[in-house]
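Trainee: this one's sequence-less:
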């Protein structure tokens, strides 16, 4: 599904975040130490190779809501943006911290000339953020931040499962219907 907003394509696809060769940047749902782990972080570190962990080392630790940028290493993307989303029920205010991840990632894209970026569903895995509210925060924050990022022309939400994809598509359709 693709929605156009301010000349920017907002896409939702089911797939693997490490296989988005047409994106300048991908976003890592990172841990605070920026180390390889499970889920998205593990997949990105495995695909990028050991150079990514070496580049991340001096940038760590990061706090919930923060984002840092590295090179893509062996990934087909020029950049990886590492965002630490909130652990649901622990890191508060969770909605503001989650929104900060998306906002800061887009600002890093703008600052580094990345015209396209692919996001996973930050914090919805092991960090336990419920999918529907996380999807709303993601979509609303991206749409609200785009006016400050005129060089960003394409944003893709890459969802692992079909239920996640359906949830994000529903949020985009609701936004489209309301505007």
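Mentor: Okay, I see it. For clarity, every value in this text was computed on a predicted model and none was experimentally measured.
Trainee: Run through the protein and note the low-pLDDT ranges.
Mentor: Flagging of the chain using pLDDT under 70 yields the residue ranges 179.
Trainee: ranges for the helices of it?
Mentor: Assigned by DSSP state H, the chain shows helices spanning 39-48, 50-56, 94-112, 131-145, 162-178.
Trainee: Same list, those helices, but as a markdown table with distance to residue 29 please.
Mentor: From N, CA and C alone the C-beta is placed, and that goes for glycine too. Putting these into a markdown table (distance: least, CB to CB, whole Å) gives the following:
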| stretch | distance to residue 29 |
| --- | --- |
| helix 39-48 | 4 |
| helix 50-56 | 14 |
| helix 94-112 | 9 |
| helix 131-145 | 11 |
| helix 162-178 | 13 |
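Trainee: Now tabulate those helices in CSV and tack on mean neighbour count and distance to residue 84.
Mentor: Output for the helices of the chain, formatted as CSV (neighbours: other CB atoms under 10 Å; distance: least, CB to CB, whole Å):
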stretch, mean neighbour count, distance to residue 84
helix 39-48, 20, 10
helix 50-56, 17, 12
helix 94-112, 21, 7
helix 131-145, 20, 14
helix 162-178, 16, 20
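Trainee: which one of the ones you listed lies closest to residue 82?
Mentor: Distances from residue 82 to each of the helices of the chain were compared using CB to CB; the shortest belongs to helix 50-56, at 6.8 Å.
Trainee: Mind giving me the packing neighbours of that closest one?
Mentor: Secondary structure elements in contact with helix 50-56, counted by 3 or more CB pairs under 8 Å, 6 or more residues apart in numbering; DSSP states H and E, are helix 39-48, strand 67-71.
Trainee: Show me the residue sitting in the middle of this structure in space.
Mentor: In the chain, the centroid-proximal residue (CA atoms, centre = their mean) is residue 119; its distance is 2.9 Å.
Trainee: OK, contacts around that residue?
Mentor: Residues counted as contacts of residue 119 (CB atoms under 8 Å, 6 or more residues apart in numbering) are 27, 102, 105, 138, 142, 155-158.
Trainee: which one among the residues you listed gets closest to residue 166?
Mentor: Closest to residue 166 out of the contacts of residue 119 is residue 157 (12.0 Å), distances taken as CB to CB.
Trainee: Quick one: residues contacting that closest one.
Mentor: Counting by CB under 8 Å, 6+ apart, residue 157 makes contact with 10-13, 118-121, 138-139, 168.
Trainee: what about 7 Å?
Mentor: Contacts were defined as CB atoms under 7 Å, 6 or more residues apart in numbering; by that measure residue 157 touches 11-12, 119, 138, 168.
Trainee: Please apply the same query to residue 24.
Mentor: Shown in contact with residue 24 (CB under 7 Å, 6+ apart): 77-79, 114-117.
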